[in-house]
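Novice: Here you go, sequence then predicted model.
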Amino acid sequence: MTTGHDYDPQETQEWLASLEGILQHAGPMRAHYLIEQLIEKARLEGVNLPFSANTEYINTIPLDQQTPIPGDQEIEHRIRSFVRWNAAVMVLRANKDSNVGGHIASFASAATLYEVGYNHFWRGGNNGRGDLIFLQGHSAPGIYARAFLLGRLTLEQMDRYRQEVDGGGLSSYPHPWLMPDFWQFSTVSMGLGPLMAIYQARFLRYLESRGFGKHSHRKVWAFLGDGETDELETLGAISMAGREKLDNLIFVVNCNLQRLDGPVRGNGKIIQELEAEFRGAGWNVIKVIWGSQWDPLLARDKNGALKRRMMECLDGDYQTFKGRDGAYVRENFFNSPELKALVANMSDDDVWRLNRGGHDPHKVYPAYKEASEHQGQPTVILAKTIKGYGMGASGEAANIAHQAKKMTLDSLMRFRDRFKLPLTDEQVEKLEYISFAPDSVEYQFMQERRKTLNGYMPERRIRAESLPVPALEAFERFLKSTETREISTTMAFVQMLQILLRDPHLGKRIVPIVPDESRTFGMEGLFRQIGIWSQVGQLYTPEDADQLMFYKEAKNGQVLQEGINEAGGLADWIAAATSYSMHGEPMIPFFIYYSMFGFQRFGDLAWAAGDQRVRGFLLGGTAGRTTLNGEGLQHADGHSHLLSATIPNCVSYDPTFSYEVAVILQDGLRRMLTEQEDVFYYITLMNENYAHPDMPKGAEDDIRKGMYRFSAEAAGKKNAPCIQLLGSGTIFREVIAAADLLRDDWGVTATLWGCPSFTELEREGRKREREHLLHPMSARKLSHVEKCLKDTQGPIIAATDYNRAFAEQIRPHVPKGRRYVTLGADGFGRSDTREKLRHFFEVDRRWIAVAALKALADDDALPAARVDEALKKYSLDTKKPAPWTV
């Protein structure tokens, strides 16, 4: 027997009549409760049929339950129309004599969604009290247009949209780096805004749990397009939001049914698809599909024919309907006698005016109100709109809408007439902006609403409280030799973190973040010491409860444990790293993870983080291509420093010894917390244990700059050839050992240079080169690399555990006429012992020594035969294939 066969229609009618009676006399909530009880009973009895996550293709909030929108809607409509016009015109003017681009259609479809929020819901204030709005990047023209009407932007600024180089222009999309007092979040790389919004909402809970203010009244709103939901990041964390019951989070999905090239789901229904996705993840779903013009028709739809037709039409059909006219809709949507009767008394223009819910403030307002008041779940609002709404033949509901940057004069005239704008034909043709007089009711309304709602939006706080940081002496024991005790730089960092956690000024502001690798990094001691944050505490007895370092979750826990989820961990980190700006609470996030799964995996988020002026530390653990010896190709990082170097405000270091880590860590704290520089640090850490020497006297400043003299003790015979050996990370120890080989086996004098940051050396060198380019008559200032090497002799050899390109960065700054040779771990990683891996990648002490001898031979400081002797002495196979080829 199939579930679709009704073998007892009379019984079915009795059940339906019973349900109808409940609806009439007790209401929908009682009916819902009874249905849920019946389902639960059926499942207990073994009727395990899956439920449907979908409802009908109609508005979630019935007409009789709509909360009326307050205020004068004529005023709001005029404001909305002015914003629409100015948003379109700024793009058109920008492209009149240039090709800077811009987008008209996205905001055109979303204008009502934004205006209802600005006028009635979104509390401003960049003082830690306001709501947080992740605006859809492609709608930026509309945000500028509104700010212009409020007097926040000038006419000159509007005319410099996407023309920033000469100063005073407006960025293409939300970019805090370019407009630091205006934009808060970088959202235009699609998918990142929704992901960051989820973790920002949860971070508000974290702050409150840990005593950093009251945030329960604040909401996080994220605006996104239906096409954007195809990005994996968009929906990747919605189950976490549902699981954590983030009722301070609201997604507004602008379902205009179109992406860049065509329909989002031409053969399906994106709203129904998203409804099931979100409801299944534990969200409250509100559909805003049909506008008020449909209400009379739905009221007369007694047998459900209209609702069935609404459901059976595909999104491709709906796009075509709005790309045609009323006659086409009458013929193709109302395509049965029963449906045609519903619109028999309507003209084709009336049929064409049947509006979508996302353009109707009377439908949007009650959805926003319910979302704002809903408890126990995050809410998603699925608002159906028309892409390019108002653009007419120039793009409305057309596949080319997203790319449209121009409108015909006829379309502009129709736009003016449609939205009743006070513009002459000449003003339309000149693409003039329009604004309200300061004494107009519209201007006064806009200002009053933002004053009542606590300030303008968007608006960004630039500075926060400046905090004192511990002096370098606080880490004194790490500046001294560990003698016979061997530790890794990872363990050194963890012990430094313990010191910071005890600091009276900074301790409570430390936010350790780990993607399920605490035990790998030796951080499990933090479980007991400061706890893992959970807003419900620990409702179970952990398996290791009888152990000293048991797995402890607590409401006031400090560690953010993200599971195997680097993208989520970085989104956590971004929320904490922007807390100084978003919440007025400077926090110090330390996100430690396998370095291979960092920038390579979350590079797009890291770029957005830089844009958002984050302040915090990223720690790439088990770094280097030969250090994590047994894990192999997918785990062996040899290029994260090349990726981090692409982000201008990311300060990267690859330290070898604990004193380097201490100097770098202390300096980063000073720069970010005391000096309030908008930088963040990337520090690679190793899991290889070895003894650490004393810090060379007075080396602190040079360590910060990226290169310091480690020693010159490996001296060979009198008048012996000289060589300069550079290194970073764990391979610097091989460089040190190579100096011994060169001295003992070949009588070569080697000077050793620690280079914890080839990236910072390159940046400083580039700065000096540019100064000399612009001031050719002034005395040339030497780069730090040149200062270190100018009084030395011999070739320069640099070896790292990363691709050769890492050390190659400083080649332009090596003193002229000096031979510079780089060794690195190019190629795919593999599994074996560290010793074998370093031999395979040709970065161990023997290969470094041979490279040094070859450089000396090329400089005629040694006979070439010495190189051949060394190859044989160290048993190096001359037929060995290059590591980057196998």
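Specialist: Structure's in. What do you need? Numbers count the residues shown, from 1 in each chain.
Novice: Could you use CA atoms for every contact and neighbour count after this?
Specialist: Noted.
Novice: got the CA coordinates for stretch 212-231 in PDB?
Specialist: What follows is stretch 212-231 as a C-alpha-only set of coordinates in PDB (Å, rounded to 0.1, in the frame of the first residue of the first chain):
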ATOM      1  CA  PHE A 212      32.200  41.800  28.900                       C
ATOM      2  CA  GLY A 213      28.900  43.800  29.000                       C
ATOM      3  CA  LYS A 214      25.300  43.000  28.200                       C
ATOM      4  CA  HIS A 215      24.600  42.100  24.600                       C
ATOM      5  CA  SER A 216      21.300  40.200  24.700                       C
ATOM      6  CA  HIS A 217      19.400  43.100  23.200                       C
ATOM      7  CA  ARG A 218      21.700  43.300  20.100                       C
ATOM      8  CA  LYS A 219      20.900  41.600  16.900                       C
ATOM      9  CA  VAL A 220      23.200  40.400  14.000                       C
ATOM     10  CA  TRP A 221      21.500  40.800  10.600                       C
ATOM     11  CA  ALA A 222      23.100  39.300   7.500                       C
ATOM     12  CA  PHE A 223      21.900  40.200   4.000                       C
ATOM     13  CA  LEU A 224      22.600  37.800   1.200                       C
ATOM     14  CA  GLY A 225      21.400  36.800  -2.200                       C
ATOM     15  CA  ASP A 226      19.700  33.500  -3.100                       C
ATOM     16  CA  GLY A 227      22.500  32.800  -5.600                       C
ATOM     17  CA  GLU A 228      25.000  33.400  -2.800                       C
ATOM     18  CA  THR A 229      23.700  30.300  -1.000                       C
ATOM     19  CA  ASP A 230      25.500  28.200  -3.500                       C
ATOM     20  CA  GLU A 231      28.700  29.300  -1.900                       C
END
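Novice: Which positions in it come out as buried?
Specialist: Burial within stretch 212-231, assessed by neighbour count using 16 or more other CA atoms under 10 Å, is assigned to 212, 215, 218-229.
Novice: Pull the most distant pair out of those residues.
Specialist: The most widely separated members of the buried residues of stretch 212-231 are F212 and G227, with 37.0 Å between them, by CA to CA.
Novice: what's the closest of the buried residues of stretch 212-231 to L44?
Specialist: Of all these, T229 has the smallest distance to L44: 36.1 Å, by CA to CA.
Novice: so where do the strands sit in the stretch 101-250 of the chain?
Specialist: For the stretch 101-250 of the chain, the strands defined by DSSP state E, counting those that start in this stretch cover 132-134, 220-225, 249-255.
Novice: Put together CSV for these, with mean pLDDT and distance to D417 on each row.
Specialist: Output for these, formatted as CSV (pLDDT from 0 to 100; distance: least, CA to CA, whole Å):
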stretch, mean pLDDT, distance to D417
strand 132-134, 98, 32
strand 220-225, 98, 28
strand 249-255, 98, 25
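Novice: Using a markdown table, lay out those together with distance to I703.
Specialist: Shown next, in a markdown table, are these (distance: least, CA to CA, whole Å):
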| stretch | distance to I703 |
| --- | --- |
| strand 132-134 | 39 |
| strand 220-225 | 42 |
| strand 249-255 | 44 |
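Novice: can you tell which of these is closest to G624?
Specialist: Per CA to CA, nearest to G624 of the strands of the stretch 101-250 of the chain: strand 132-134, 36.5 Å.
Novice: Which of the helices or strands spans the residue nearest to the spatial centre of the chain?
Specialist: Centroid-nearest residue in the chain: L605, 3.7 Å away (criterion: CA atoms, centre = their mean). Assigned by DSSP states H and E, L605 belongs to helix 599-611.
Novice: State the next helix or strand along the chain beyond that helix.
Specialist: Next along the chain after helix 599-611, taking DSSP H and E as the criterion, comes strand 617-621.
Novice: orientation of that next one relative to helix 599-611 in degrees?
Specialist: Interaxial angle of strand 617-621 relative to helix 599-611 (axes from the mean of the first three to the mean of the last three CA atoms, to 10 degrees): 170 degrees.
Novice: who touches the next helix or strand after strand 617-621?
Specialist: For strand 617-621, the succeeding helix or strand toward the C-terminus, using DSSP H and E, is helix 640-644. Residues from elsewhere that reach helix 640-644, judged by CA atoms under 8 Å, 6 or more residues apart in numbering: 595-596, 598-600, 603, 650, 652, 682, 759, 802, 805-806.
Novice: let's go with 10 Å and repeat that
Specialist: 595-600, 603, 606-607, 620, 623-624, 650-654, 681-684, 757-759, 802-807, 809 (CA atoms under 10 Å, 6 or more residues apart in numbering).
Novice: quick one: it to chain centroid distance?
Specialist: Distance of helix 640-644 from the chain centroid (CA atoms, centre = their mean, to the nearest Å) equals 18 Å.
Novice: Now that helix: buried residues?
Specialist: Neighbour counts over helix 640-644 (16+ other CA under 10 Å) mark S640, H641, L642, S644 as buried.
Novice: between the residues you listed, which is nearest D350?
Specialist: D350 lies nearest to S644 out of the buried residues of helix 640-644, by CA to CA, at 57.6 Å.
Novice: packing partners for the helix holding L605?
Specialist: Under the contact criterion of 3 or more CA pairs under 10 Å, 6 or more residues apart in numbering; DSSP states H and E, helix 599-611 touches helix 192-209, helix 566-577, helix 640-644, strand 650-653.
Novice: Is it possible to get a markdown table of those that adds distance to L92?
Specialist: Compiled in a markdown table, the helices and strands packed on helix 599-611 are given as follows (distance: least, CA to CA, whole Å):
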| stretch | distance to L92 |
| --- | --- |
| helix 192-209 | 27 |
| helix 566-577 | 35 |
| helix 640-644 | 37 |
| strand 650-653 | 36 |
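Novice: I'd like these as CSV, with mean pLDDT and distance to A739 appended.
Specialist: Formatted as CSV, the helices and strands packed on helix 599-611 follow (pLDDT from 0 to 100; distance: least, CA to CA, whole Å):
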stretch, mean pLDDT, distance to A739
helix 192-209, 97, 48
helix 566-577, 97, 39
helix 640-644, 97, 25
strand 650-653, 98, 23
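Novice: and L472, which of these is closest to it?
Specialist: Of those, the one closest to L472 (CA to CA) turns out to be strand 650-653, at 17.5 Å.
Novice: Outside of that closest one itself, list whatever touches it.
Specialist: For strand 650-653, contacts defined as CA under 10 Å, 6+ apart pick out 606-607, 609-610, 613-619, 640-642, 644-645, 660-661, 664, 668, 678-685, 703-706, 728-729, 755-760.
Novice: mind running it again at 6 Å?
Specialist: V679, F680, Y681, Y682, I683, P756, S757 (CA atoms under 6 Å, 6 or more residues apart in numbering).
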